[in-house]
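Asks: Need a 3D model of the sequence below.
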Amino acid sequence: MASKKLGLTGQILTGMFLGAIVGFILNKVGVQDTLIQSVFVDGVFRLMGDVFIASLMMLVVPLVFFSLVVGTSSLSDPAMLGRLGGKSIVLYLVTTAVAISIALFVAVLIGPGEGVNLEKPAATAFTAAEAPPFIEVLLNMVPRNPIAAMSEGNMLQIIVFALLFGVAIALSGKPGERLKVVFEDINEVIMKLVVMLMYVAPYGVFALMARVFADLGLDMVQSLGWYFGTVFFILLFQGFVVYPVLLAAFTRLNPMLFLRKMMNVQVFAFSISSSNATIPVNLKNAEQRLGADNSVASFTIPLGATINMDGTAIMQGVATVFISQIYGIDLTMTQYLMVIGTATLASIGTAGVPGVGLIMLAMVLQQVGLPVEGIALIIGVDRLLDMTRTAVNVTGDSMVTTIIAKSEGKLDKDVYNNPNA
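Replies: Numbering: from 1, shown residues only. Presented below is the predicted three-dimensional model:
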């Protein structure tokens, strides 16, 4: 009865804090290379956490595919699909550019790496991936083999195929109508799977947090306090100031109600640190609590998990300034603009999985001639920051979804304004 009264958000928060406390105690006691480490941290906690993440990832591809097909096939106006795509891409790229611009400005103002003066490394310990040409990004969006795209979890290709399949159903008359009913039933069953999985979410979150804090502790955070604090502050500013302001400006809706309804998704995303794995929860929340129609949410939420990397862009902006300052390298305004452009475009097609931000950071550093070895200085605290920026990313996905749904007349205001929806 107590768990029912607490609610899902409270249960997940409880699991998260208890996991952090247990992990912190284990770290302070010093369980490395002991039986406790092998049995609990690398055994029980890893098993619980990895199984929970795998269960979420199991639902991502079928949920995105079937939900997007159902939403697309329900569009009465084919032109709406083009508007959805155009509005989504523009809003996602604009918010990413704004995020990294704020990050660069604040980081230069605070100077988290000033006074360290490390020598520029002579050897290369990291290899940065080159940014793919934009034409390659466009070409890679079209799947040569849809089944292979699904097995590999290539979200952009899955989205393109689902959109085409949904349009074909809408244009196929009676056969399309019969198939649409089948897809709607399958989509409902998958959503029920999401609900079932949420019952065990607090336990999975507990295990994930316990393992993170058992491995990291807080010593690493303290040693990089200025860098960690700068990134964390800007992430909170983006999530709790920039997004609500944009939402209120474009929709005239109550932004505080939006943040309240996003708390459950934010806590969930923070604990699992994966935008893709949060898609089922975020999609369900957008439709049933924010009031966005499936025809909009089924398109914008998966797309946002793929191309909307505001939190990652913030980390890249601060990390670029931090690394340039500790090595005593001055960046020009042209290089700062290059960072903004590279990080914004690199977010397209980047997988929404834990740790991908560091790969993108290597690409950005290479573009402006900074030592890629500097990544080693921040990699220790990146796990905790990765969790926070994932929460920011999914909040941005829902914010854009709400704006677009409102602009298309596909937002149920009664559901949005109902705090108990």
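Asks: so where's the protein shaky on pLDDT?
Replies: In the predicted model of the chain, residues 1-6, 9, 31-33, 75-78, 115-134, 137, 216-223, 345-359, 376, 380 satisfy pLDDT under 70.
Asks: Go ahead and flag the most central residue of it.
Replies: Among the residues of the chain, Ser275 comes closest to the average C-alpha position under Cα atoms, centre = their mean, at 3.2 Å.
Asks: Any chance of the backbone angles for that one?
Replies: phi -60, psi -40 (degrees, to the nearest 10).
Asks: wait, isn't it in contact with Ala305?
Replies: Yes. Using Cβ atoms under 8 Å, Ser275 is in contact with Ala305, at 4.2 Å. Bear in mind the C-beta positions are built from the backbone N, C-alpha and C, glycine included.
Asks: Which helix or strand lies directly C-terminal to the helix or strand where Ile190 lies?
Replies: If you go by DSSP states H and E, Ile190 is part of helix 173-198. Counting by DSSP H and E, the element after helix 173-198 in chain order, helix or strand, is helix 201-216.
Asks: That following helix - contacts with which helices or strands?
Replies: Applying 3 or more Cβ pairs under 8 Å, 6 or more residues apart in numbering; DSSP states H and E, we find helix 201-216 packed against helix 2-29, helix 46-73, helix 255-272, helix 375-407.
Asks: Identify, out of these, the most deeply packed stretch.
Replies: helix 375-407 (a mean of 24; mean count of other Cβ atoms under 10 Å).
Asks: Now do the helix holding Ile190: which elements does it pack against?
Replies: helix 46-73, helix 155-170, helix 275-288.
Asks: For those, could you give me TSV that also reports distance to Glu408?
Replies: Shown next, in TSV, are the helices and strands packed on helix 173-198 (distance: least, Cβ to Cβ, whole Å):
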stretch	distance to Glu408
helix 46-73	12
helix 155-170	16
helix 275-288	14
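Asks: Just tell me which of those helices ends up closest to Tyr227.
Replies: Taking Cβ to Cβ, helix 275-288 is the member of these nearest to Tyr227, at 22.8 Å.
Asks: so which of the helices and strands packed on helix 201-216 gets nearest Ala168?
Replies: Nearest of the helices and strands packed on helix 201-216 (Cβ to Cβ): helix 46-73, 8.4 Å.
Asks: follow-up on the earlier one: right, so of the helices and strands packed on helix 173-198, which gets closest to Trp226?
Replies: It is, among the helices and strands packed on helix 173-198 and with distance given as Cβ to Cβ, helix 275-288, at 27.0 Å.
Asks: before we move on, the earlier item: now render the helices and strands packed on helix 201-216 as JSON lines, adding distance to Gln325.
Replies: JSON lines is the format used below for these (distance: least, Cβ to Cβ, whole Å):
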{"stretch": "helix 2-29", "distance to Gln325": "30"}
{"stretch": "helix 46-73", "distance to Gln325": "35"}
{"stretch": "helix 255-272", "distance to Gln325": "28"}
{"stretch": "helix 375-407", "distance to Gln325": "11"}
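Asks: Could you give the separation of stretch 273-287 from the chain centroid?
Replies: Between the centre of stretch 273-287 and the centre of its chain there are 9 Å (Cα atoms, centre = their mean, to the nearest Å).
Asks: so which of the helices and strands packed on helix 201-216 gets nearest Gln238?
Replies: Comparing the helices and strands packed on helix 201-216 by Cβ to Cβ, helix 375-407 comes nearest, at 5.5 Å.
Asks: Mind listing what's buried along the very next helix or strand once past the closest one?
Replies: For helix 375-407, the following helix or strand on the C-terminal side (DSSP H and E) is helix 413-417. Neighbour counts over helix 413-417 (16 or more other Cβ atoms under 10 Å) mark Tyr416 as buried.
Asks: how about Arg144, secondary structure?
Replies: coil (DSSP: H, G, I helix; E, B strand; the rest coil).
Asks: if we can go back for a sec, nearest to Ala319, of the helices and strands packed on helix 173-198?
Replies: helix 275-288 (19.0 Å).
Asks: right, and Phe165 touches Gly71 too?
Replies: No. Using Cβ under 8 Å as the test, Phe165 is too far from Gly71 to be in contact (11.5 Å).
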